[in-house]
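Peer 1: Next input, structure requested:
(2 chains)
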Amino acid sequence: MKKYTVLLAMALIFTIGRTVGQTYKTSTGEISFLSKTDFETFEAVNNQVSAAYSKGKVQFRVPINAFIFEKKLMQTHFQENYMESATYPNGSFKGTIIYPENFKPSAKAQTVKVKGTFNIHGVEKETEISGSITQTKNGISLIANFSILLNDFNINIPASSINKIAQTIDIRVDAQLTKK
Amino acid sequence: MKRILRILLIVFLLGIAIAFYLYQNPTELVSTGSPDYEYSIETIVEKGVSESDTLFNKMHVGKKVTLKGLINAKNIQKSGSTVFFETENENVIVVAAFDPSMNTELENIKLGSNVEVMCICNGIAKPEDPEDLLSETTLSFNRCTLLDSKTID
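Peer 2: Below is the predicted model of the structure:
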């Protein structure tokens, strides 16, 4: 009996160890952003986010050119003038979960705080963002809501559009990661 | 004098109408017209891996590119679909995104089919350091249209 208990405990530790140490990834996560002023509201969606989670570390990378706007003119301005996507084609975030300590994913959604570095428009900035992580049947669900300030990343909006584009942009990331 | 004012008014109104039209023009969700570059998957992967990413992106981001290759995975969603091309290098991902209006056509394509698509290039992303969780090189494309598909038995 004792032998079986030890074997069972070892199998359990091995399984938990594998889950904790496993890398989860996707290339089809979704990111959306919202710019809202008294004059105009802009929304854009991008479903080509690469995201990964492993051992309390989170990373995502966003191809800037994959943001789709409703209006062509805004699409062109965003890609070519504001984000200069040919020069800075990707935005990224790389961070470590700092709360809760020793985080382990579970079937219940857990609110996490991640400390890390954004790299947008060629500018790196350390920050903390909040989100939630859930262990799902197929992997891990990663959701984050946060805001960024355009000035922090040297994204210059011309005077003619200053009233139409918010200085603070609200961003939502939703990625369903699977074991890799 | 009156005539000049009338002409100026017409020019002004025309200007406003053109600006309004341009502003309201919707984004093209599917690539049309002539491509800027034409590649097989092998060629673009080779180019992407061997060239500097800065150079590759300067040349390709925002450009129309046709790609020919085998589809090895697809993910069809109401919000838009993606297909993955087979590459000889397992550390390279080539992913192409489609508008939901292309879903029916994509549903009919079998995995392993040889397809030709035209897309807008989003660029290449390589791992920044050895510790990167995103350890693969990714070549991504969006607003794709399916030009041709052949099932290989």
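Peer 1: Report how many residues lie close to residue 99.
Peer 2: Unless you meant another one, I'm taking chain A. Look at A:Tyr99: counted by other C-beta atoms under 10 Å in any protein chain shown, it has 13 neighbours. No exception for glycine: its C-beta is placed from N, CA and C like everyone else's.
Peer 1: wrong chain, I was asking about chain B
Peer 2: Using other C-beta under 10 Å, B:Asp99 has 19 other residues around it.
Peer 1: Report the contact partners of it.
Peer 2: Neighbour list for B:Asp99: B:Leu29, B:Val30, B:Gly80, B:Arg143 [criterion: C-beta atoms under 8 Å, 6 or more residues apart in numbering or on different chains].
Peer 1: near chain B, which residues of chain A show up?
Peer 2: Within reach of chain B by C-beta under 8 Å from any C-beta of the partner chain, chain A has these residues: A:23, A:25, A:27-28, A:30, A:45, A:47-48, A:50-54, A:57, A:59, A:61, A:63-66, A:68-73, A:75, A:79-80, A:85-87, A:89-90, A:92, A:94.
Peer 1: Would you list the buried entries among those?
Peer 2: For the residues of chain A next to chain B, a burial check counting by 16 or more other C-beta atoms under 10 Å in any protein chain shown picks out A:25, A:27-28, A:30, A:45, A:47-48, A:50-54, A:57, A:59, A:61, A:63-66, A:68-69, A:71, A:75, A:79, A:85-86, A:89-90, A:92, A:94.
Peer 1: And the longest strand anywhere in chain B, what's buried?
Peer 2: For chain B, the strand with the greatest residue count under DSSP state E is strand B:137-150. Across strand B:137-150, burial judged by 16+ other C-beta under 10 Å covers B:Thr137, B:Thr138, B:Leu139, B:Ser140, B:Phe141, B:Asn142, B:Arg143, B:Cys144, B:Thr145, B:Leu146, B:Ser149.
Peer 1: ok, what's across the strand from the nearest residue to the fifth one once chain neighbours are set aside?
Peer 2: If you skip the residues right next to it in sequence, B:Phe141 has B:Cys119 as its closest partner in space, 3.5 Å away by C-beta to C-beta, 6 or more residues apart in numbering or on different chains. Beta-bridge pairing of B:Cys119 under DSSP bridges involves B:Val65.
Peer 1: The worst-scoring helix or strand of chain B on mean pLDDT near chain A anywhere?
Peer 2: Least confident element among the helices and strands of chain B, by mean pLDDT, DSSP states H and E: helix B:2-24 (a mean of 85). Yes. Applying C-beta under 8 Å from any C-beta, one finds helix B:2-24 touching chain A at B:Leu22, B:Tyr23, B:Gln24.
Peer 1: got the angle for the helix or strand where A:Ser27 lies vs strand B:137-150?
Peer 2: According to DSSP states H and E, A:Ser27 maps onto strand A:24-36. Orientation check (axes from the mean of the first three to the mean of the last three C-alpha atoms, to 10 degrees): strand A:24-36 against strand B:137-150 gives 90 degrees.
Peer 1: Surely A:Leu142 is in a helix?
Peer 2: No. If the criterion is DSSP: H, G, I helix; E, B strand; the rest coil, then A:Leu142 is strand and not within a helix.
Peer 1: returning to that earlier point: where does confidence bottom out across the buried residues of strand B:137-150?
Peer 2: Ranked by pLDDT, the buried residues of strand B:137-150 bottom out at B:Ser149 (78).
Peer 1: quick one: that residue from B:Ser50, how far?
Peer 2: Using C-beta to C-beta, to the nearest Å, B:Ser149 is found at 29 Å from B:Ser50.
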